[in-house]
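# build me a model from this:
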Amino acid sequence: MASGDVASSAKAKYLQIADDLAAQIKTGALAPGAAVPSEADLMQRYGVASGTVRKAIAELRTAQLIETHHGRGSFVRSRPPVQRKSSDRFRRAHRNAGKAAYLAEAEVSGGLPSVTVLFVGPTDAPAEIAERLGVPVGAQVLARKRRYFRDGVPTEEATSYLPWDVVKDIPEVFAENPGGGGIYARLEEHGHALAEFTETVRARLATKPETTALALSPGAPVIHLVRDAITTAGRVVEVCDTVMAADQFVLDYRFPARD
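Numbers count the residues shown, from 1 in each chain. Below is the predicted model of the structure:
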């Protein structure tokens, strides 16, 4: 058999394995959260080498049908995406009701939200953050780093950066729990009325630390979103740098048509 025919046959085999497993997942034969048969089992079942099985597993991982955990194996994904409605999640009505944006959007999704505060304190502003905040690179700012969970599973990690001169007299934002409505409510209570938010969104592959933090499979995609919170005076009073597990979110935007 010619080398091209061999390569074509090998590709057809791993795609067949991937298609078979995908069909089992879609019909429920492999239920959400169930373990995918081991590499050894699949090698025996299909009469193929380990490399062929690994390519099939990689195909399913790319299709976001399974997730792989080092030392544990591969499992059928079980988490539906959270739908983020950008036009609604920062409504002042949510803050007035004591709900921060993440809680408001998680309620809509039906999941049980929780948050772990990883760090709150002064830090030096990185270059991109400094530019957005309009402060010198390395200037002291307040950083608030959190990891968010839905039904106990990590879905995103976010760090907020706030100008020191804005927050130094707002003691609540230095606490792990800034109170009902979150930091935006505290900013508005201290005279920094918010007028609009701008977001820059891009997709990329997760870094190794992000893979660990969000319990992602190697090579999994993430959504990297950076948001500016802008006051009626035109000042950026917060930059939020967020990394989200791409398979957990749908970004749903609404904006007016303009001349």
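# just the element for residue 71, please.
Element membership for residue 71, per DSSP states H and E: none, as it lies in no helix or strand.
# distance of residue 175 relative to residue 186?
Look at residue 175 and residue 186: by CB to CB, to the nearest Å, they are 10 Å apart. C-beta here means a position set from N, CA and C on the backbone, and glycine is covered the same way.
# please say which of these two ends up with more neighbours.
For residue 175 versus residue 186, neighbours defined as other CB atoms under 10 Å are more numerous around residue 186 (20 against 12).
# ok, that one touching residue 179?
Yes: under the criterion of CB atoms under 8 Å, residue 186 makes contact with residue 179 at 6.6 Å.
# so what's in contact with the two at the same time?
Counting by CB atoms under 8 Å, 6 or more residues apart in numbering, the common neighbours of residue 186 and residue 179 are residue 172.
# the stretch 101-250 of the chain: helices as residue ranges?
In order along the chain, the stretch 101-250 of the chain carries the following helices (DSSP state H, counting those that start in this stretch): 101-109, 127-133, 164-167, 182-189, 208-213.
# nearest to residue 66, out of these?
The closest approach between residue 66 and any of those, judged by CB to CB, belongs to helix 208-213 at 15.1 Å.
# quick one: list the elements packing against that closest one.
Helices and strands touching helix 208-213, by 3 or more CB pairs under 8 Å, 6 or more residues apart in numbering; DSSP states H and E, are strand 153-163.
# can we see that at 7 Å?
Under the contact criterion of 3 or more CB pairs under 7 Å, 6 or more residues apart in numbering; DSSP states H and E, the helices and strands touching helix 208-213 comprise an empty set.
# what does it rub up against?
The contact list for helix 208-213 (CB atoms under 7 Å, 6 or more residues apart in numbering) reads 147, 154, 157, 216, 218, 220, 222, 243.
# for residue 75, list each beta-bridge partner.
residue 35, residue 67 (DSSP bridges).
# how far away is it from residue 34?
Distance of residue 75 to residue 34, computed by CB to CB: 7 Å.
# same question, residue 73
11 Å.
# again with residue 202
Residue 202 sits at a distance of 33 Å from residue 34 (criterion: CB to CB).
# quick one: low-confidence parts of the stretch 51-200 of the chain?
Across the stretch 51-200 of the chain, the ranges flagged by pLDDT under 70 are 79-81, 83, 85-87, 97-99, 103-104, 106-110.
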